[in-house]
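*Asks:* Would you be able to build a 3D model of this:
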Amino acid sequence: MRRTTATSQAPHLLCHLTHGMGIPSIAIMLHELIKLLYHARCSNITIIRIGTSGGIGLEPGSVVITRQAVDACFKPEFEQIVLGKRVVRSTDLDKQLVQKLLQCSTDLSEFTTVVGNTMCTLDFYEGQGRLDGALCSYTEQDKQAYLRAAYAAGIRNIEMESSVFAAMCSECGLRAAVVCVTLLNRLDGDQILSPHDVLTEYQKRPQRLVGYFIKKSLGKA
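*Replies:* As a prediction, this is how the structure comes out:
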């Protein structure tokens, strides 16, 4: 589940979009969305990406509000090649929005929510240290060492879109946040073992949190 919600005040506008997997897919969507918001003369915009992720050191079903998006080397930056040159952009997210979302989770008191860094990778298998891909040049011990180093660096989940999302929103001056539920603890394995009905409930958690945030922001909670 990969969704982005954009809201704008005065007058209130709510826009809900779905994008595909990975950085290229969400980057294309963001270019189109940001152009649309510009030509529509929207202001005071908040954009929130919600979705699923793999957790690190968290119980499945925990919700992570991203403090910073980091790359696979744990650096808070997004690198892109533009006209043959390396361009690096910051992946900081709005700190006040993070705290507001965390307070909303406290208000709801329905599930565990934490604030942590989110690692954004270019690949689902080797890029995330999985052992069950077509290629694997490392051991279980190597994987565990990497994931534990990630945890020590403040990383609490892994997905594939947050870095470009944070970088583009920051570059365009948009208030943004990332809220993802964890479907498994990667320290315990690479496979999702929860039943379908449990996963379905997990996937609704970011929606409930962001939905409550929107209603509270509009004075309707």
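*Asks:* wouldn't residue 27 be in contact with residue 169 here?
*Replies:* No: no contact is recorded between residue 27 and residue 169 when judged using C-beta atoms under 8 Å, the distance being 11.5 Å. (Each C-beta comes from the backbone N, C-alpha and C, glycine too.)
*Asks:* Show me where the chain has its helices.
*Replies:* Read by DSSP state H, the chain holds these helices, from start to end of the chain: 23-39, 95-108, 140-152, 162-171, 196-217.
*Asks:* where in this protein is pLDDT low?
*Replies:* Low-confidence segments of the chain, defined by pLDDT under 70, span residues 1-15, 221.
*Asks:* Please name the nearest non-neighbouring residue to the most centrally placed residue in it.
*Replies:* Among the residues of the chain, residue 178 comes closest to the average C-alpha position under C-alpha atoms, centre = their mean, at 4.1 Å. In space, residue 178 comes closest to residue 66 once its chain neighbours are excluded; the distance is 3.9 Å by C-beta to C-beta, 6 or more residues apart in numbering.
*Asks:* ok, back up a step: quick one, which of residue 27 and residue 169 is more surrounded?
*Replies:* Set residue 27 next to residue 169 and count neighbours by other C-beta atoms under 10 Å: residue 169 wins out with 27 against 18.
*Asks:* Please give me every residue in contact with that one.
*Replies:* For residue 169, the contacting residues are 30, 47, 93, 175-176, by C-beta atoms under 8 Å, 6 or more residues apart in numbering.
*Asks:* Next step: these restricted to strands.
*Replies:* Secondary structure of the contacts of residue 169 is defined by DSSP state E; positions in strands are 47, 175-176.
*Asks:* before we move on, the earlier item: tell me the contacts of the residue nearest to the centre of the chain?
*Replies:* With contacts taken as C-beta under 8 Å, 6+ apart, residue 178 has the following neighbours: 48-50, 65-66, 69, 93, 118, 162, 165-166.
*Asks:* measure residue 52 to residue 192 for me?
*Replies:* Taken as C-beta to C-beta, to the nearest Å, the spacing of residue 52 relative to residue 192 amounts to 9 Å.
*Asks:* okay, these two: which has more neighbours?
*Replies:* More crowded of residue 52 and residue 192, by other C-beta under 10 Å: residue 52, with 19 against 14.
*Asks:* does the more buried one have beta-bridge partners, and which?
*Replies:* Beta-bridge partners for residue 52, by DSSP bridges, are residue 181.
*Asks:* so it sits right up against residue 179, yeah?
*Replies:* No: counting by C-beta under 8 Å, residue 52 stays clear of residue 179, with 10.8 Å between them.
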